[in-house]
Structure formats: C-alpha cells, structure tokens
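# With the sequence up front, the predicted model follows.
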Amino acid sequence: MSDFQMYHALGQGDPNGDPNHPGVQGQVPTQQFHAASSPYSVGLSEHNQPSPNVSQHYQSPQYTGQQQYASHTAAQGYFPEQPLAPHGGVASDGKMVQQTGGLAMGGEAHGSVRPHKKKDRHAYHNLEPAGSSQAFNGVPANGLGSPSQFLSSTAPAAQIPTTPYSPGLAAPGAPQVPGIPSGSFAPIAGHPSVPQFAAPPNFAGAHQPIAAGPTSGSQQNRVDPEQIPSIPRSRDVPAQYYLDHVYPTMEHHLPPPAAVSYISYDQGNASPKLARLSLNNIPSTLEALSSTGLPLGLILQPLGPLQPGEQTIPVLDFGETGPPRCRRCRTYINPFMTFRSGGNTLVCNMCTFPNEVSPEYFAPTDPSGVRVDRTQRPELTMGTVEFMVPKEYWAKEPIGLRWLFLIDVSQEALNKGFLEAFCEGILGALYGEADDATEAEKAEGRSGKGQLPAGSKIGIITFDKEIHFYNLKSNLEQAQMMVMTDIEDPFVPLSEGLFVDPQESKSVITSLLTQIPALFSQVKNPEPALLPTLNAALSALSSTGGKIVCSLSSLPTWGPGRLFLRDNQKVHHTDAEKKLFTTEHPGFRKTASKMVECGVGVDMFLAAAGGGYLDVATVGHISSFTGGETFYYSNFHAPRDCLKLSKEIKHSVTRETGYQALMKVRCSNGLQVSSYHGNFVQHSFGADLEFGVIDEDKSIAVLFSYDGKLDPKLDAHFQSALLYTTATGERRVRCSNVVASVSEGGTEVMRFIDQDAVVNIIAKEAASRMTERTLKEIRGGITEKTVDILAGYRKNFSGSHPPGQLVLPENLKEFSMYILSLLKSRAFKGGQEPSDRRVHDMRMIKSMGVLELSLYLYPRIIPIHNLHDQDGFPNENGHLRMPPTIRASFSRIEEGGAYIVDNGQVCLLWIHSQVSPNLLVDLFGESYTSLQSLDPQLSSLPILETHLNAQVRNILQYLSIVRGSKALTIQLARQGFDGSEYEFARLLVEDRNNEAQSYVDWLVHVHRQIQLELAGHRKKDESLDNLSTSFAAMRAFY
C-alpha cells in the first residue's frame, strides 16, 4: 500500500492522528465536563440571596465568529463554589464489560432470568438498587460523594496525549493514487496558507470488542446500564476535541459522529458533510462484503451547509468548452485523475481510460508526473468544486429563482391563527426582523436587508373556494386582486406584475400581507381548493421553473382534486394499511410529474388543529416528488407555534436552493449503482435523478453492488455530479469526489465503518419499503439485518471470546441503540399511530441528512438545574462550553430537575413537579415561582439578567445552529400539567415505550439471536428474505 503522501503531506497520516481510528492504543482526552451538585435543590439557602447583576445583555466573546453568546462577566460565580465531580470519560472497549452473560442467553447461564417488574417496563419507574452501591437518579448512595453525570465516577480521568504524528508511519487503509510518486504535490510544510493539524487523541481506545460477561454478587442476574454503549458519551467527547481541531478529509479515514459540530478541511476528499461512505475501506469481492452483512453505500447531501471557517466551494468557469471530462464514462476532472505523456494524456480514475488533453487545458508535468500548475487548480486539489456549464447543459434559460407563495385563506386557517402567522412569517423571511436592521435603515423606517439572493422575484396567490391573484407592481399604491372563479380550468390572468422584485415592491407586498387576515375575516369559506391552485401556480412557473411555498390548514374538499377521509383504523396493521402511505389520486400524481418536468418544487406548510386529518400522503406527495419538504404541525396552536412557523418559513426561503436539477453518481470499475433512496424522480433504472428543487437539507442514499472484483492495489472512487440552476440564475455542476481504500478480506473493513452512514442507509431503505410491505415485515427485516451484521462480526472477525459474551464491533458500538430508536420512530413503531404522522416521518427519513437523522433517533438531553457556573459561556478561545448530555432514560432524571430535550424536530423544556422555585425565578422571572404560574404557550425564554437565564439561552442558541431543517423553539412540558409530557416520555428511547423493548432488553434479544445464529439454530422468516437482503451487501453468506 502506497504512502499517504501520495495524496497530501499535511501530516504523516499516523493512525494516532485519527480521532476515530479504532486501531490505536491511546489515551482518551480529559473529560472537560463537570457535574456539579444541583444548586436548585429545594431548601438550599444559597439561592435565597439576590442574584448578582450580570448586565450588558451578555454580548461579549463570539463563537466561531458568527453567533454571539452571553458572557460570564461576574468575577465571583453566580453559584456557590462546588467541588468538581469526576467524569467517567470513555473507557476502551476492552474495559466495557456488559453484564449480560448471566442472563441465561443461549443457555450460558445456569440461573433463570429474573423477570422485570411490570412497573419497570415503562418510562416512569424507579430502579431498585438491589443491594448494589451504584448511584441512581443522580443521588449518591449512602451519603457518598457527588455522583458524576454519567454515574460512572469510578473511572479515572484520562489525559490528553501530547504525542505528535509519529514520523514514517502511513495511515492504515490510506487510499492510493497510482502513478503519483510519494509527496509529489504536497504543499510546503509550515507554509502559512496550509493548516497544521495536531495529532488528535484516540476516542474509542484499541480495536477491541465490547465483551459482555457475567457479574457477581447481588447483580448477577441484572444488566448494569452503565456498561452498555452510550450515545451521549460517544458524542460529547469528540465534540470537545473538535472545538480546537479541524477534520482533515484525507489524513483521517473515519468522519466525526454526525451530531458533532466540526470544521472539515478539504484535502481532495469531499467533506463528510457532503458525502459519507458507509465503508471507508471496501472489500475486493462480494463474498468478503457478504461476510460482514454491511451495506456498501454513500450518503450524499450535495448542497450541505458549511460552517463559518470552512473553505468555500470554488466555482470554476472553463468557458464554452465546459469542464474536462472522461470521454468514455463522462467522469468530471478530479484530484484522482493522473496525467501521463508529459501532461498530454489524462487517465480516468473511474474507468482507467486514457483521454487526450485539450490544448487549452494542457500544462506540462514535472519529473514525478504531477502538473506544474496543480496547486493553482482547485479541481485537482479539492474534493468538492462547482463548474459553470455552457449552453449545451441548459434545459431553459437560467434566471433568478421565482418564489410563489400560495396562502390558504379558508375559515380554518383564519380561526386557528395560522393565516396571520403565515403572513407574518413571509414578511420576516423576505425582509428580516426589525431587530436585524442597521441604524440607517431604522432611521428610514426600513427593517433588515433583503433575505433573498439577487435576481430572485416573488409572487403571491391566495385561495379558498376561489383563487386570487395579485398584481404587485411597484408603481401601484396597493396590490390589485384578480379573482379566478373558474377552478375547473384555471389560468394566469396577469401577463406582468405577478412576479416582482421584493425590494422594489416592498411597500406593496408589506401592505398586502398585513391586510390579508382582515380582508378574508368576513368571507370564511370552509373548504379550500388545493389542486386547482397548484395547477395555476404551475402555469405561472412553467416557462421559468421556480419554488412554491404553500400553506394548508384543512382537508381540501372543494373542486377538482377534492380529497376524502381515508384513514380508517380498521385497516391499521393489515396489508391494506400500506395504501394509506401513498396516493392513488391521478390529479396530484399528474401535477407532480409536470412540476418536475418544468423545474418546479413545493414546500408545504400543513397545520392540523387538534390533530385533524389532512391526507398528508396525497398532499405531501407533491412535495416529496418534486424534491421539496413538508413542514407538518400536527397540533398547531397559536401563539405557541407561531414563532416556529415563522422561523421555518424563513429557513425554507433563505437556505441554499437550486432548481431544475439532475444528478448522476459514478463509481470505479468493479462496482455499479444498484439503487437510490430519497425524494426524487427516476424514470428508469440507470437514468439521472430529477429534482424540481433541491436544497441544503436534502440527502440521497446510493447503494452499490459488485459487477466484478476490485483490485486491492488500487482505490475505489465515487463521484456525484449535480447539475442545477442556482437561486441567482447560474447553471452549474457541483461535483463531490470520495475515495476509499480496498482490502482483500473483511477484517480491515470493520475498522473503517461509518456508523451514521450505515444507520442512514438502513433507515432510508426501510422507509422506501413502507408502500410495498407491511410495517410488521419491515420491523422484522430491520431486526434481521441488525442480527446479520452483528452475527457476521461475531463469527468472522471478533477473535476468540467466551460464547456467552456479547461482542460488538468497535465502530458499531451504538448501532443497536440507533436501530432500536428507528423501530420506535413514528414511521415504523407498532401500536396506533395516525397515518398522517407515519407518512410524514417516512418521507422525512427518506430525505434526512446524517445530522438530522442522528438527532431524530436519539435526542440530546441536557440537565439545566445543575449547570457548572462556566457552562453556557464562551471559553478562552471563544467556543461555547456545552454541558454534558445524559442518556435518554427516566432513570437519569433527577427529582426537582429541569431538562432540555431536543431531537431536531421539537425542543421540550421538561420541568419536574418538585422543581425549586428559585430556578423558575432565575429562568423565567420574579413573577414565576411555581409550575402553575408558567405560560403554557411559551415558545422562547425571556431575556433576563440572571446567570442561569443567560446560560440556557446560550445553550439553546448553540442547539439552533447544530440541527437540520426544523427551527428550534421551546415547548414547555411540566410534569403533571402539559400534554407534551407524553412526547417527553416517547423520546426516552432507552426505556420500554413506543411498543418496543428497553435498550437493555433489546441487547439481550439481539445477543440471543446471535447465539442462535452461531449455533446454527436461528429460525429465519422466509417472507423477510427479500426485504433484509435488499441492502446492497446482501445477506451474510452463512
């Protein structure tokens, strides 16, 4: 295997330099979290003193140069000094002994399994110590010292290693570029333009399995929850490390966990934020891949957002000739193509075809075979670039994006406050809030600057039983309304004035959106006509393409395309249920197809008051088919949800968006694309994917299969090419290139698994099957696939371990928990669930990126009643110091506590019934001393000059930027008061809930199935074979 320097020489590529590398013995970083004793325990006298004034609106240091957080200005902390409780850190896998061996799994234990008490099977239960000295619920046993946040206070604190890259070591599994000598195009070490990367610690410890063995004493027949893999721990430690380090995309071969905020440095391999391989080392044959049971796939988020501090994606213009491409396979130029014959021949890295270099692109090569202008060519040094393309790539003349807002003005929208909130949201999206304005703008009576890119234009249509068009020309004093009463065959009555520049016509637009709620308050038509309105909007955009933002608040039961109540609970859990998850309405299908052809996409904002039925399967089909998104408010209530609606409209309008998009994925010889999963159109297998619109939050899963054997001496290459028109009106191709090394067997493969990508692929595949198979079959298929993967590792790669031990792959430690959460998700869970909720979550999963899905499956839970006085404030480097998160189990909830629970879709503020009044006063204000006094409609915290209030607001501000497409607003969940407490219980995914087992019981079940597989006694449901083998890796050969 060639040296890593063939790619880049920003370091030696020492495996010790990879923070996620499993093959290194190393120390883990010092856990920087501190668990302080709760300052808000009822009866503490320290907080009867007046709070020091932490003034100046907490404006000082900045985080990543972008978000401002409140600063800790008091010299003496707001809290009394607390001893810092030790943290468990992250033990190496060899030390994590799960006590499952004594659970009579596979006949290993002699005793019988102690049945769980019925009260232990639900979210709200108390764990009995059973004679153990282990601390529960955060309360030290027998008056011992303060427990750690993870209840593992016996683990010693680890130290941060200071060893730099060991010279001369090549990174294991480092990809190779044939024909490029070592160090050929490495930048000069120490050059000021090249970041220097310190050697990060090894988070996970040595490449050793997690062994589960029997325990002794009173807990012999119990599982210690502390010793099973922890998702919060797997997130918190890397998050601390990446505050001060970047992720170099070539030196490190395992990306950070998806839920971690990090800055990537593009060294020729695309950033994991844009493309993640499930296997960063690929077996050379199908048989070797089958022995692992893993899928070989790629998660693409082609327009994924970048953080401040990351390199911008370069835009390159090659004029009328267009970017250089391979003449045989049409791969675009990339860093892994090689030049021969003095620079006259370009060898494709996908198909190895030698292409003649055009005279205008020619440059000589140096004696080592590298172009002399390589460092000046971004397309030869960066993994992701954009190419301007000539007219031959155009479907129609590219122009700035046209936005058309369709506003439901029916009676239901007016009554529930949805209409007024939607109009205010549009105003905020177009012009920003008054707080965003500069002093000069405020003096002129203007709000903030325009939010849309230059060249964009907007139009407004309202609808109920009729369709209302508006002339918004800037020379009018107020908008002119034209009413379309013929909804059987609607047309656009305006030749000009429908689409206008939002800045030129600002006064007209502002006046209209302000007046619409009052204008229709007297009309009150109860039945909206949705499909005719969508067809009219399509007519308006058919010549240019564009984006539709549509609101709907009741089932559209009027005119062509009228819908009826389809959700019959009698068909739930039957073969007929899958028909509820798709639409058979020919009108909606035809309109969606025409929209994709014209380059039009739709974002739907659906508000169901009281959980009413909206037939999301049919209405949302338009969004999913065209590449848009459905924002679904299952129980919309004004004013509680108005802020969330406003923020999500703004995000929908301002995020990076392209339209008229086509996508193609290419891979190396020996591999072929087997399937795609996501929200798009593909007319035939092998054809390009088509999107009406695509934005920064959408992802696609691509699965690969073998059509030959890979050469272990070469690398496997993948390239995605997205041809689209930007919101500013430029036709471009965005290319992302990913490389992986190839090995003979599966042993090396297990060391470079991307857990988040594997989970995302399985989730998307399962969601795609919901319209074909029953939910029971899908859940069974997911379970079978999980057992196949873990049994394949146990049988082929784990080495010698006692048969009673549960042995998990190093990089799949948390895999079982993610899969259990997937089974508990609204899309797949057993029990009763409205079809609207199921189908919405199903389509959402199909388009979720790895970050959003990771949070969706396992929420972040942050205790705020025992924050350290430095938590929630910037550290000396300007990075926000985040408190540790806790496991999603009620056993971790402390009496009198308060918790932020965020799963990327909803953010709950759960408050225990015995919470200290001092905490409520510090968090909400002096007039709030009890849970009853809090406003249940609260959606954001008031700005107070208290230490705790500043901490929590800063933490919420941070969470709002590390998430997917859904806005962060808080929703109160007061114990014993609010219905949202049911949602809180549902999010405690480690407990027994959502018609599924607890985490511990699930591991016991999986372990038993693995033992049966190893013994050859596992019974497999033949009806699930097609489902579980469809994950490109196929079923394990055994």
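Arrived safely.

# tell me the pLDDT at residue 475?
pLDDT for residue 475: 89.

# How far does the longest strand anywhere in the chain sit from its chain's centre?
The strand that spans the most residues within the chain, counting by DSSP state E, is strand 731-743. Centroid displacement of strand 731-743 relative to its chain, using C-alpha atoms, centre = their mean, to the nearest Å, is 21 Å.

# What strands flank it, and is each parallel or antiparallel?
strand 281-283 (parallel), strand 384-388 (antiparallel), strand 716-726 (antiparallel) (DSSP bridges).

# Reformat those into JSON lines and put mean neighbour count, mean pLDDT and distance to residue 862 next to each item.
Where C-beta positions appear, they are placed from N, C-alpha and C, glycine not excepted. JSON lines is the format used below for these (neighbours: other C-beta atoms under 10 Å; pLDDT from 0 to 100; distance: least, C-beta to C-beta, whole Å):
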{"stretch": "strand 281-283", "mean neighbour count": "26", "mean pLDDT": "94", "distance to residue 862": "35"}
{"stretch": "strand 384-388", "mean neighbour count": "23", "mean pLDDT": "95", "distance to residue 862": "33"}
{"stretch": "strand 716-726", "mean neighbour count": "24", "mean pLDDT": "95", "distance to residue 862": "35"}
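
# Go through these and name the closest to residue 528.
Among the strands paired with strand 731-743, the nearest to residue 528 by C-beta to C-beta is strand 716-726 (30.9 Å).

# can you pull the alpha-carbon coordinates of the closest one into CSV?
This file holds the C-alpha atoms of strand 716-726, laid out as CSV (Å, rounded to 0.1, in the frame of the first residue of the first chain):
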residue,chain,number,x,y,z
ALA,A,716,-12.3,2.7,-5.1
HIS,A,717,-13.6,6.1,-6.3
PHE,A,718,-17.0,7.7,-6.3
GLN,A,719,-18.2,10.9,-7.8
SER,A,720,-21.6,12.6,-7.6
ALA,A,721,-22.5,15.3,-10.1
LEU,A,722,-25.4,17.6,-9.5
LEU,A,723,-26.5,19.8,-12.5
TYR,A,724,-28.7,22.6,-11.2
THR,A,725,-29.6,26.2,-11.6
THR,A,726,-28.7,28.4,-8.6
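
# one step back: after the longest strand of the chain, which helix or strand is next?
helix 755-768 (DSSP states H and E).

# for the strands paired with strand 731-743, which one sits closest to residue 758?
The minimum distance between residue 758 and the strands paired with strand 731-743 falls on strand 281-283, with 13.5 Å, by C-beta to C-beta.

# mind checking how far that closest one is from the chain centre?
Per C-alpha atoms, centre = their mean, the centroid offset for strand 281-283 relative to its chain is 25 Å.

# pLDDT of the helix or strand following that strand, averaged?
Next in sequence after strand 281-283, counting helices and strands by DSSP H and E, comes helix 286-292. Throughout helix 286-292, pLDDT has a mean value of 92.

# And stretch 547-557, by the same measure?
When pLDDT is averaged along stretch 547-557, the result is 93.

# Please produce JSON lines containing the strands paired with strand 731-743, extended by distance to residue 656.
Formatted as JSON lines, the strands paired with strand 731-743 follow (distance: least, C-beta to C-beta, whole Å):
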{"stretch": "strand 281-283", "distance to residue 656": "31"}
{"stretch": "strand 384-388", "distance to residue 656": "12"}
{"stretch": "strand 716-726", "distance to residue 656": "8"}
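
# Looking at the ones you listed, which is nearest to residue 1012?
strand 281-283 (26.0 Å).

# which outside residues touch that closest one?
Strand 281-283 has contacts (C-beta atoms under 8 Å, 6 or more residues apart in numbering) with 173, 253, 289, 292, 296, 710, 716, 740-746, 748-749, 751-752.

# could you flag which of those residues are buried?
173, 253, 289, 292, 296, 710, 716, 740-743, 745-746, 748-749, 751-752 (16 or more other C-beta atoms under 10 Å).

# that older thread, of the strands paired with strand 731-743, give the one that comes closest to residue 666.
strand 716-726 (5.0 Å).

# what about the closest one, distance to the chain center?
Mean C-alpha position of strand 716-726 versus that of the full chain (C-alpha atoms, centre = their mean) differs by 20 Å.

# For burial, what's the neighbour tally of the closest residue in space to residue 706 that isn't next to it in sequence?
Among residues not flanking residue 706 along the chain, residue 286 sits closest, at 4.3 Å (C-beta to C-beta, 6 or more residues apart in numbering). When neighbours are counted by other C-beta atoms under 10 Å, residue 286 registers 19.

# can you pull out the strands in the stretch 801-950 of the chain?
860-863, 898-902, 907-911 (DSSP state E, counting those that start in this stretch).

# In TSV, list the ones you listed along with mean pLDDT, distance to residue 458 and mean neighbour count.
Formatted as TSV, these follow (pLDDT from 0 to 100; distance: least, C-beta to C-beta, whole Å; neighbours: other C-beta atoms under 10 Å):
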stretch	mean pLDDT	distance to residue 458	mean neighbour count
strand 860-863	96	36	23
strand 898-902	96	32	23
strand 907-911	95	30	23
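
# hmm, back to that, quick one, which of the strands paired with strand 731-743 is nearest to residue 957?
Nearest to residue 957, of all the strands paired with strand 731-743, is strand 384-388, at 28.5 Å by C-beta to C-beta.

# mind saving the C-alpha coords of that closest one as PDB?
Extracted in PDB, the C-alpha atoms of strand 384-388 (Å, rounded to 0.1, in the frame of the first residue of the first chain):
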ATOM      1  CA  THR A 384     -15.800  19.300  -4.000                       C
ATOM      2  CA  VAL A 385     -15.900  22.000  -6.700                       C
ATOM      3  CA  GLU A 386     -18.600  23.700  -8.900                       C
ATOM      4  CA  PHE A 387     -18.200  24.100 -12.600                       C
ATOM      5  CA  MET A 388     -20.100  26.800 -14.700                       C
END
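
# Past it, which element shows up next along the chain?
strand 402-408.

# Output the contacting helices and strands for that next one.
Judged by 3 or more C-beta pairs under 8 Å, 6 or more residues apart in numbering; DSSP states H and E, strand 402-408 is in contact with helix 418-431, strand 457-463, helix 530-541, strand 546-552.

# what's the average pLDDT for it?
In the prediction, strand 402-408 has an average pLDDT of 95.

# just how off-centre is the next helix or strand after that strand within its chain?
Following strand 402-408 in sequence order, the next helix or strand is helix 411-415 (DSSP H and E). Here helix 411-415 is found 33 Å from its chain centre; the criterion is C-alpha atoms, centre = their mean.
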